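**Q** Dropping a prediction and its sequence here:
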Amino acid sequence: MKRPVRIALGLAPGALLVVLAAAVPAPPPSPSTPQNALAPLGIAVTEGAAPGYVPDRACALCHDKLFASAQEVGMARSLYRPRPDRLAEDFSAAPFFHAPSRQYFQIARRGDGLVFRRWQKDAAGHEVRVWETGIDWILGSGNHARVYLYRTPDGSLFQLPLAWYSQEKRWAMAPGFDRPDHDGVLRRVRRECLFCHDGYPDVPAGSDAPGMPQVFPAELPEGIGCQRCHGPGAEHIARALGGVELRERIREAIVNPARLPRERRDDVCFQCHLQPLVALSGVRRAGRGDFSFRPGEALPDYQAHVDASEENGAIGSNSDRFEINHQAWRLRQSLCFVKSVGRLSCLTCHDPHRRVPEDERAAHFRTACQTCHAGQACKRPRVSDPAVPVDTADCVSCHMPKRRPRDVVRVVMTDHLIRRRPGGPELLAPLAETEPTLTGVRLVEPDRLPPGNAAEILRTLPVVRLGTSEAAVDHLAKLAATDPAASAPETRMDLAAGLLRRRRFGEAEKILDDLAKREPPTAWFLQMQATAREGLGNTKEAEALYRAALARPDAEKAELSTLLARLLARQARHREAADLLHQALTLRPNLVAAWLSLGNAQAALGDRTAATASFHRALEIDPASQAAEAGLAALERRSPARNSNSRSRVSGS
């Protein structure tokens, strides 16, 4: 039997192009897998770390209007290629000069793409330490801001330091970069970062587990699509197109968040919008990969959220902390949310499939408020003069005012803490970027987590991973020694990593050697074993372990090659080290540590010209690298001529 099927061909701005295909053979009535059913239609189905997902455009086969309107929502524009139809920046603006780091930045159009440049100036005003890269991805809807990512050949993603701020319509430093010692072009984008900015990528099973390389395929989904809220859609679409399934069978293969129990419904939104503190992320539960959460699950079974007290003693709802991703966090602190006992949720005000036009928002949100509050409850004076710009129907402007978040200080956005009284101009006052000083940590939903020391481990792990607290490492070590709940391999690996960061090599070695008797080795595990052996002076075993790690398919080869090269260089095996470093830089050309090690190896081999070029390359990538400056100075001292090189001298403006 043949039947017509609607196929989505493309998406123009604001409109879906849909045609009726010629007769397409219907899939078999009972396909063994969704792949078998959807392959004839050219719909790919993921099979790896996040199985059962399809391109979101496949949803438009049946839901074309919903799909088209959803493309205007910010979530659908959270990550995308730099295409001409999605560019809103002012590329004619002068290069942005960042005085604290004495660096110039510019993003410019080149053909249909974008190019980033960063440089400094010498005393004569000439450009020096120039670094350039193409931009592979734009992150952020552009409603408030957008930042830019580039990808290295090994699949690593990095964020660039320049951002476009849509509200101010100007370029400035990206959040967290407005400081003299910013990350430059080396801020790594990790899976847990991209989790809230994109759909799940098609990557091999297990590649999203703890310790696996932080790499991404060249092709990624573009934005948060239908399936992050509704779950993987392959089975649902296969049943819908099968022609013989009952409607209930079709519906039960997909999640409708609105029909979930209250906590599970909220968890769908909270997977991304419940983030108490950007400085301290919660941890995935043992055995969970980064891309393993599915709508309908209990979020605490996937991740334990944590809150932290700060230097001023405030914590959670007792503070006025406001950050850009605090929609759900602040809403949960509102009396309206607490007293509604589940009636108030994100869906009360927001339809994820539709962007409310500006001129409809006051009435739209007032209608939501009136599901609980009568119209006469508003005490705001009525204004009858149409010339007076006061909208007495706008509940949000009083009770959920816009304010400036402390982590993205160049934007203003709606604070979802519902107030009885509006704030004043202090909410919009300029802020400087600051870093909080954390003094204590607590679990956000302890009643939804295992009791006792299992919860205590989840509270401790984020601080151990932060790498700044000896006390947290000691606390986790004590738990691991006395409680079976700390015997999970992931927990013990985290403890070993924490001990290595504190240079406690013997303790780390003992834990790792014990794990090696029970767990299959991963490249990360072998790398930690090698680091422990090296720290204890056992270079022969360390070399063997580094080489074993490099041979594995899950190896972070650029970093491992650099670590092994350093070990070889300390044994005066400079030619072998240089060969490894060239391999590392082919995979990751921005790896400053590899350029520095290569420069040292080349200098030891007597190739002063190549060493000079390597140190200068390190300075182009990281202009603040004191090690590169020291390398150049050492070369100059060895040179009979002692010629100065202006490329390494930078003026103050």
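**A** On my side now, so go ahead. Numbering: from 1, shown residues only.
**Q** Would you mind giving both backbone torsions of the residue positioned nearest the centre of the chain?
**A** For the chain, the residue nearest the mean C-alpha position is Cys193 (1.4 Å; Cα atoms, centre = their mean). Backbone dihedrals for Cys193, given as degrees, to the nearest 10, come out at phi -80, psi -50.
**Q** Relative to Arg187, how far out is it?
**A** Distance, Cys193 to Arg187, using Cβ to Cβ, to the nearest Å: 9 Å. Where C-beta positions appear, they are placed from N, C-alpha and C, glycine not excepted.
**Q** Equivalent analysis for Glu556, please.
**A** Going from Glu556 to Arg187 by Cβ to Cβ gives 17 Å.
**Q** same thing with Gln103?
**A** For Gln103, the distance to Arg187 - Cβ to Cβ - is 14 Å.
**Q** Please apply the same query to Leu598.
**A** Noted for Leu598: a distance of 23 Å to Arg187, by Cβ to Cβ.
**Q** what do you get for Ile254?
**A** With Cβ to Cβ as the criterion, Ile254 and Arg187 are 36 Å apart.
**Q** thinking again about what came up before, which one's more surrounded, Gln103 and Arg187?
**A** Gln103 (25 against 19; other Cβ atoms under 10 Å).
**Q** What residues does that one make contact with?
**A** 97, 118-120, 184, 623 (Cβ atoms under 8 Å, 6 or more residues apart in numbering).
**Q** per-residue pLDDT, it?
**A** Looking at Gln103, its pLDDT is 98.
**Q** Kindly report the same for Pro4.
**A** Value for Pro4, per-residue pLDDT: 33.
**Q** Spatially, which residue comes closest to Val411, not counting chain neighbours?
**A** His144 (4.1 Å; Cβ to Cβ, 6 or more residues apart in numbering).
**Q** now the strands for the stretch 351-500 of the chain?
**A** Secondary structure of the stretch 351-500 of the chain by DSSP state E, counting those that start in this stretch: the strands cover 402-403, 413-414, 438-443.
**Q** now stretch 600-618, how far from the chain's geometric center?
**A** When distances are taken as Cα atoms, centre = their mean, to the nearest Å, stretch 600-618 is centred 35 Å away from the chain's centroid.
**Q** Could I get the buried residue list for that stretch?
**A** 600-604, 607, 610-612, 614-618 (16 or more other Cβ atoms under 10 Å).
**Q** CA atoms only: put it into PDB for me.
**A** C-alpha atoms of stretch 600-618 as PDB (Å, rounded to 0.1, in the frame of the first residue of the first chain):
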ATOM      1  CA  ASN A 600      61.800  23.700  25.100                       C
ATOM      2  CA  ALA A 601      62.500  20.500  23.200                       C
ATOM      3  CA  GLN A 602      63.600  22.400  20.100                       C
ATOM      4  CA  ALA A 603      65.900  24.600  22.200                       C
ATOM      5  CA  ALA A 604      67.400  21.500  23.700                       C
ATOM      6  CA  LEU A 605      68.000  20.100  20.200                       C
ATOM      7  CA  GLY A 606      69.700  23.300  19.200                       C
ATOM      8  CA  ASP A 607      67.000  24.500  16.800                       C
ATOM      9  CA  ARG A 608      66.800  28.100  18.000                       C
ATOM     10  CA  THR A 609      64.700  29.400  15.100                       C
ATOM     11  CA  ALA A 610      62.000  26.700  15.600                       C
ATOM     12  CA  ALA A 611      62.000  27.200  19.400                       C
ATOM     13  CA  THR A 612      61.500  30.900  19.000                       C
ATOM     14  CA  ALA A 613      58.600  30.400  16.600                       C
ATOM     15  CA  SER A 614      57.000  27.900  19.100                       C
ATOM     16  CA  PHE A 615      57.300  30.300  22.000                       C
ATOM     17  CA  HIS A 616      55.800  33.100  19.900                       C
ATOM     18  CA  ARG A 617      53.000  30.900  18.900                       C
ATOM     19  CA  ALA A 618      52.200  30.200  22.500                       C
END
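**Q** tell me the mean pLDDT for that stretch?
**A** 98.
**Q** With stretch 65-83 instead?
**A** 94.
**Q** Check which residues of it are buried.
**A** So stretch 65-83, judged by 16+ other Cβ under 10 Å, has buried residues 66-71, 73, 75-80, 82.
**Q** Next: stretch 96-115.
**A** 96, 98, 101-108, 114-115.
**Q** Likewise for stretch 402-422?
**A** Buried residues in stretch 402-422 (16+ other Cβ under 10 Å): 403-413, 415-418.
**Q** Nearest to Val338 among the residues you listed?
**A** Ile418 (10.3 Å; Cβ to Cβ).
**Q** Please name the residues that touch the closest one.
**A** For Ile418, the contact set (Cβ under 8 Å, 6+ apart) comprises 331, 334-337, 399-400.
**Q** Please indicate which of these are buried?
**A** 331, 334, 336-337, 399-400.
**Q** any weak-confidence spans in the stretch 451-600 of the chain?
**A** Along the stretch 451-600 of the chain, the model assigns pLDDT under 70 to residues 485-486.
**Q** circling back to that earlier point, nearest to Glu509, out of the strands of the stretch 351-500 of the chain?
**A** Closest among the strands of the stretch 351-500 of the chain, using Cβ to Cβ: strand 438-443, at 28.2 Å.
**Q** Check which helices and strands that closest one is in contact with.
**A** strand 306-310, helix 453-466 (3 or more Cβ pairs under 8 Å, 6 or more residues apart in numbering; DSSP states H and E).
**Q** Please work out which of those is packed deepest.
**A** helix 453-466 (a mean of 21; mean count of other Cβ atoms under 10 Å).
**Q** gap between that one and the chain center?
**A** For helix 453-466, the distance to the chain centre is 21 Å (Cα atoms, centre = their mean).
**Q** Contacts for it next, please.
**A** 280-283, 285, 304, 306, 441-443, 446, 449, 469, 472-473, 475-476, 479, 483, 485-486, 491, 494-495, 497-498.
**Q** what about burial for those residues, which qualify?
**A** The buried subset of these - by 16+ other Cβ under 10 Å - is 280-283, 285, 304, 306, 441, 443, 449, 469, 472-473, 475-476, 479, 485-486, 491, 494-495, 497-498.
**Q** In stretch 138-154, which residues are buried?
**A** 138-142, 144-152, 154.
**Q** So which of the buried residues of stretch 600-618 is the closest to Glu127?
**A** For those, the nearest to Glu127 is His616 (13.5 Å; Cβ to Cβ).
**Q** domains for the chain, by residue range?
**A** Under automatic domain parsing, the residue ranges defining each domain of the chain are 1-63+226-254, 84-194, 263-374+394-428, 450-539, 556-653.
**Q** and the third one, average pLDDT?
**A** The predicted model assigns domain 263-374+394-428 a mean pLDDT of 90.
**Q** Look at that domain and report the distance between its end residues.
**A** 33 Å (Cα to Cα, to the nearest Å).
**Q** give me the element Leu568 is part of.
**A** Using DSSP states H and E, Leu568 sits within helix 557-569.
**Q** any idea which helix or strand comes after that helix?
**A** helix 574-587.
**Q** Quickly note the distance from Leu512 to Asp208.
**A** From Leu512 to Asp208 the distance is 22 Å (Cβ to Cβ).
**Q** which one of the two has more residues nearby?
**A** Comparing Leu512 with Asp208 by other Cβ under 10 Å, the one with more neighbours is Leu512, at 27 against 23.
**Q** if we can go back for a sec, what about the buried ones among the contacts of helix 453-466, which are in helices?
**A** 472-473, 475-476, 479, 491, 494-495, 497-498 (DSSP state H).
**Q** Pick the one among those closest to Gln370.
**A** Ala472 (47.9 Å).
**Q** in terms of contact, does that closest one touch Gly498 like I think?
**A** Yes: counting by Cβ atoms under 8 Å, Gly498 is a contact partner of Ala472 at 7.4 Å.
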